[in-house]
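1. sequence first, predicted model second:
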Protein chains: 2
Amino acid sequence: MQRQRTGDLKLIQELNRSIILDVIRKKGPISRSEIAKIIDLSPTTVTSAVYELIQEGLVYEDGVGVSNGGRKPVLLRFNPNNHTIIGLSISNSMVKIADMNLEGEALRKEIYPTYQYQGQEMVDHILEVVEQFLFKKADIDNCQGISVITPGIVDAQNGVITYNSKLKLYDVPLKSLIEERTHLPTYVDNDANALVLAESYFGSFSTYKDLLFITIGDGVGAGMMVNGSVFRGFMGSSGEFGHTTVVQDGVRCECGQTGCLENYVNWPAIYSKIVTGIMTKGRDTVITEMIDHNLNNIHPKVFVDAVNQDDELVMEIMEEVIRYLSIAIKNAVHLFNPEVVILSGDIIQNNVVLLEKMKTSVANQVIPILQDKINIQSTSLGPEFELLGTAAVIFHGKFKFQLS
Amino acid sequence: MQRQRTGDLKLIQELNRSIILDVIRKKGPISRSEIAKIIDLSPTTVTSAVYELIQEGLVYEDGVGVSNGGRKPVLLRFNPNNHTIIGLSISNSMVKIADMNLEGEALRKEIYPTYQYQGQEMVDHILEVVEQFLFKKADIDNCQGISVITPGIVDAQNGVITYNSKLKLYDVPLKSLIEERTHLPTYVDNDANALVLAESYFGSFSTYKDLLFITIGDGVGAGMMVNGSVFRGFMGSSGEFGHTTVVQDGVRCECGQTGCLENYVNWPAIYSKIVTGIMTKGRDTVITEMIDHNLNNIHPKVFVDAVNQDDELVMEIMEEVIRYLSIAIKNAVHLFNPEVVILSGDIIQNNVVLLEKMKTSVANQVIPILQDKINIQSTSLGPEFELLGTAAVIFHGKFKFQLS
DNA sequence: TTTGTTAATAAAGGCAATGGAAAAAGATAG
DNA sequence: CTATCTTTTTCCATTGCCTTTATTAACAAA
């Protein structure tokens, strides 16, 4: 049993600073006195906390506001540019590394393919990328640390990649490996967990406290935010959403089971259905033109475009995806009752039709009382979502007060 | 957005007191100096905190321990008997009310049938029961409050029963209704949520921080403990585990869907399968003797006894229950990764066979890395589990430090 | 110019934890 | 049995953070 943190004076201060910084980030520009009113702290305390935050370079004064009948308020803003963070996103196909500010805006970014590396080769590749990147970095001083996110099961506490079958990474202590080489504090987390944090810090869902975040790509994963903090599960393997059973005695999955959601809705599944439609069944579809008769050109974007053109074949395929996905989402909603379900992945981007149909489908399947509360949205993170994920993890670890 | 609590000296004290009380409860009898060592607080702080706890009657000194080479330590114990709590458990068939100490041991207990009451009649019945019970109670002074638990969707924050279809209770503000009449602080919570708390406070699972608690009775519900605190979901409707889809196009459920878990594994389903086996199919089973040829005598205990006698018909039925339940549990485990899944309900009690088979079945269905970590146990709460549930809710609300 | 209001800061006081010293109560070596 | 060392608990002065109560700054309205 990990020891719980006890209370001392430092704890009060940390907590209050964290709350004040949060208010400035979310509601800035804002005056000291308004902060005091909002969170019910004495003006004096706010003043001294803000002084510290300004010293640390996290906050700056930015002119004055309009008077409410007396002295004009001095407006405070969050300053994301005084500290940098290094984000590293590992996916099956590539390694992205970037130097960012505290809002996840990239100052410099590099992308490397994974060269089909697996196991130790992959680990070496990652370490090499980090070292090379740091070598070119001017000021290490303001760097708050390195944040690594990856699919698979991660022990975030110890910074170990426990299990990633596609990259063949088993019990890789990435945190210590990177810290040894760089001497920078390093965080390692699961990608879906990081993305749900990012939605909360940088996205449109900052006011929500119970989120279910679902990514659909080569695999299907989920991240959960519960009572305002990421839920990782006992071994850090929560969110194995892709292996929800949606068909009894369905197709075999590499996990050893049959009928796993993943095999019905991930991109390879959709891709192969499109190909089958075109080649085997000789179906007429707008895709044939869009890809210039080259099947290798079928990418998620093509799928979405076809949906938006109301293509018959693609709509059929999408209906099937929705059918399976909505069963799994429905079950998760019954267990979790999140305030919003956020979908992400290439086939979701700009796909309003899918979102609407999904919402209807889920609403039709849940218990009556939840029916009109179902809220399914697309991710608000934009194209650099992985980087925002890494930034969120480090921001959370460094600047957010947590008891445990 | 509900305002977050800011830090002051009172917060520190509350936190430390709560931690110290917890240590004494779980590890007592224990000396002041050992507490200081365990939680890394200064001995001085422990002494003064313990002084307060003794003043409040929550802790008492109980003799001295063996010396470790110096002065003998004074041993401290948790004193559950100086405060009382009133627990009220509402189920579909009865209302239980009891006067208890802080460990959930009943001093006085009364059980009323529900008389098929529904809606307002039921509410009046509950209020009547509470008033009558309080009327006979000698010392109201030490009473910490009233705790009500009930199936269905509950807004625990505001103490409102949002939705209970069987008792036809919709948006009943029970907390205010009871507080108006009794002037005692009242807590209202969902039964499964309360039971998972009880497992953590009074059961064998106090060291676990991520629990999934499943009740099987007339309905099927789930309570979840996440990072050491109960997870209620956005509207308080988390844990609607009974409406997980386990069969496509299965039997119709009263929720409007088909194939809900509930209809395959709850007691009415099992009961009707037994009756069908005996009456329609003329199956030979030990049950016929056990119930003296009267079908009304078929109770969950009979089912369990038959299982333990390896009765063919009953084993078939149980295998079916396990098949459906394990699908749902498997999905939940993938999403949640709880440290342990706790099963409760009449058909689970003393049913080691079911537990073992369930464990095997779930383990065979989860992703490889989880296979040997699957931990499924029977509830440790004993026959008065509802009362322990009510006690846990009030104990948690009154004596457990929480930030939010 | 006077008066009233809002914003920010300064000084003093309250309070919880802490570290050091001391008291209480034994253990142990000789 | 005495002197010394340990362990446990408590007392006291100190530290540090928040709050209350002025005080100053800056402005609006009359």
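-> Done, it's in. Numbering: from 1, shown residues only, chains lettered A, B, ... in the order given.
2. report the buried residues of the host helix or strand of A:I126.
-> Element membership of A:I126 [criterion: DSSP states H and E] is helix A:119-135. Buried residues in helix A:119-135, defined by neighbour count with 16 or more other CB atoms under 10 Å in any protein chain shown: A:122-123, A:125-127, A:129-130, A:133-134. Yep, even glycine has a C-beta here, placed from its N, CA and C like the rest.
3. convert that helix to CSV, retaining C-alpha atoms only.
-> Only the C-alpha atoms of helix A:119-135 are listed here, as CSV (Å, rounded to 0.1, in the frame of the first residue of the first chain):
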residue,chain,number,x,y,z
GLY,A,119,11.7,-4.9,-29.3
GLN,A,120,15.1,-3.8,-28.3
GLU,A,121,15.8,-2.3,-31.8
MET,A,122,12.8,-0.1,-31.2
VAL,A,123,14.0,0.9,-27.8
ASP,A,124,17.4,1.9,-29.2
HIS,A,125,15.7,3.8,-32.0
ILE,A,126,13.7,5.8,-29.5
LEU,A,127,16.7,6.6,-27.3
GLU,A,128,18.7,7.6,-30.4
VAL,A,129,15.9,9.9,-31.5
VAL,A,130,15.7,11.6,-28.1
GLU,A,131,19.4,12.1,-27.9
GLN,A,132,19.7,13.5,-31.4
PHE,A,133,16.8,15.9,-30.7
LEU,A,134,18.2,17.1,-27.4
PHE,A,135,21.6,17.6,-29.0
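4. paired strands for the helix or strand just after it, with orientation please.
-> Next helix or strand after helix A:119-135 toward the C-terminus (DSSP H and E): strand A:143-150. In the sheet, strand A:143-150 lines up against strand A:84-90 (parallel), strand A:186-190 (parallel) (DSSP bridges).
5. got these as JSON lines, with mean neighbour count and mean pLDDT columns?
-> Putting the strands paired with strand A:143-150 into JSON lines (neighbours: other CB atoms under 10 Å in any protein chain shown; pLDDT from 0 to 100) gives the following:
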{"stretch": "strand A:84-90", "mean neighbour count": "26", "mean pLDDT": "96"}
{"stretch": "strand A:186-190", "mean neighbour count": "27", "mean pLDDT": "96"}
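6. okay, those strands in TSV with distance to B:R252 next?
-> Formatted as TSV, the strands paired with strand A:143-150 follow (distance: least, CB to CB, whole Å):
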stretch	distance to B:R252
strand A:84-90	46
strand A:186-190	39
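7. give me the local confidence score for A:C253.
-> Listed pLDDT for A:C253 reads 88.
8. how about it, nearest residue that isn't a chain neighbour?
-> A:C260 (4.0 Å; CB to CB, 6 or more residues apart in numbering or on different chains).
9. give me the beta-bridge partners of that neighbour?
-> Note on A:C260: beta-bridge partners by DSSP bridges are A:T245.
10. that one: how many residues sit nearby?
-> Counted with other CB atoms under 10 Å in any protein chain shown, residues neighbouring A:C260 total 29.
11. could you tell me the angle between the helix holding A:I126 and strand A:186-190?
-> Counting by axes from the mean of the first three to the mean of the last three CA atoms, to 10 degrees, helix A:119-135 lies at 130 degrees to strand A:186-190.
12. show me the contacts for the residue nearest to A:C253.
-> Contacts for A:C260 (CB atoms under 8 Å, 6 or more residues apart in numbering or on different chains) come out as A:242-246, A:250, A:253.
13. need those residues in TSV with distance to DNA strand C and neighbour count, can you?
-> What follows is the contacts of A:C260, written out as TSV (distance: CB to the nearest atom of the strand, whole Å; neighbours: other CB atoms under 10 Å in any protein chain shown):
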residue	distance to DNA strand C	neighbour count
A:G242	46	27
A:H243	45	28
A:T244	46	26
A:T245	50	24
A:V246	52	22
A:G250	57	16
A:C253	52	18
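14. same list (the residues you listed) but as a markdown table, adding distance to DNA strand D.
-> Formatted as a markdown table, the contacts of A:C260 follow (distance: CB to the nearest atom of the strand, whole Å):
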| residue | distance to DNA strand D |
| --- | --- |
| A:G242 | 44 |
| A:H243 | 46 |
| A:T244 | 45 |
| A:T245 | 50 |
| A:V246 | 50 |
| A:G250 | 56 |
| A:C253 | 52 |
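15. what sits up against whatever helix or strand A:K10 lives in?
-> Per DSSP H and E: A:K10 is located in helix A:9-27. Outside of helix A:9-27, the residues within contact range by CB under 8 Å, 6+ apart are A:5, A:30, A:35, A:38-39, A:41, A:45-46, A:49-50, A:52-53, A:58-59, A:76-78, A:206, A:399-401, B:4, B:6-9, B:11-12, B:15.
16. one more: stretch A:300-318?
-> Residues outside stretch A:300-318 that contact it (CB under 8 Å, 6+ apart): A:267, A:270, A:273-274, A:277-278, A:283-287, A:290-291, A:345-347, A:349-351, A:353-354, A:357.
17. in a helix, A:G233, correct?
-> No - counting by DSSP: H, G, I helix; E, B strand; the rest coil, A:G233 falls outside a helix, being coil.
18. now the buried members of the contacts of helix A:9-27.
-> By neighbour count, with 16+ other CB under 10 Å, the contacts of helix A:9-27 hold A:30, A:35, A:39, A:41, A:45-46, A:49-50, A:53, A:58-59, A:76, A:78, A:399-401, B:4, B:6-7, B:11-12, B:15 as buried.
19. out of the residues you listed, who's near DNA strand C?
-> A:50, B:12 (CB under 7 Å from any atom of the strand).
20. restricted to strands, list the buried ones among the contacts of helix A:9-27.
-> Mapping the buried ones among the contacts of helix A:9-27 onto strands (DSSP state E) picks out A:30, A:59, A:76, A:78.
21. let me see the mean pLDDT of stretch A:355-364.
-> Mean predicted confidence for stretch A:355-364 is 96.
22. is chain B contacted by it?
-> No - judged by CB under 8 Å from any CB of the partner chain, stretch A:355-364 stays clear of chain B, getting no closer than 8.7 Å.
23. up against DNA strand C, what does the stretch 101-250 of chain A have?
-> Remark: no part of the stretch 101-250 of chain A is in contact with DNA strand C, using CB under 7 Å from any atom of the strand.
24. since we're on the residue in the stretch 101-250 of chain A that chain B sits nearest to, how many residues are nearby?
-> In the stretch 101-250 of chain A, the residue that lies nearest chain B is A:G233 (2.9 Å; CB to the nearest CB). A:G233 has 24 neighbouring residues, counting by other CB under 10 Å.
25. ok, A:S272 next?
-> Neighbours of A:S272 under the rule other CB under 10 Å: 11.
26. distance of it from DNA strand C?
-> To DNA strand C, A:S272 is 61 Å away according to CB to the nearest atom of the strand, to the nearest Å.
27. quick one, phi/psi of that residue?
-> Here is the backbone geometry of A:S272 (degrees, to the nearest 10): phi -70, psi -30.
28. all helices of the stretch 201-350 of chain A, in order?
-> In the stretch 201-350 of chain A, the helices defined using DSSP state H, counting those that start in this stretch lie at A:262-265, A:267-275, A:287-290, A:300-308, A:312-336.
29. next, count neighbours for the residue of the stretch 201-350 of chain A found nearest DNA strand D.
-> In the stretch 201-350 of chain A, the residue that lies nearest DNA strand D is A:G228 (20.6 Å; CB to the nearest atom of the strand). Counted with other CB under 10 Å, the neighbours of A:G228 add up to 14.
30. wait, what's in contact with it?
-> A:200, A:209, B:404.
31. shouldn't A:Y117 be in contact with A:H125?
-> Yes - counting by CB atoms under 8 Å, A:Y117 does reach A:H125; the two are 5.0 Å apart.
32. stretch A:198-214 near chain B anywhere?
-> Yes - for stretch A:198-214, a contact with chain B is found by CB under 8 Å from any CB, at A:207, A:209-210.
33. which entries within the residues you listed meet the buried criterion?
-> Among the residues of stretch A:198-214 next to chain B, those classed as buried by 16+ other CB under 10 Å are A:209-210.
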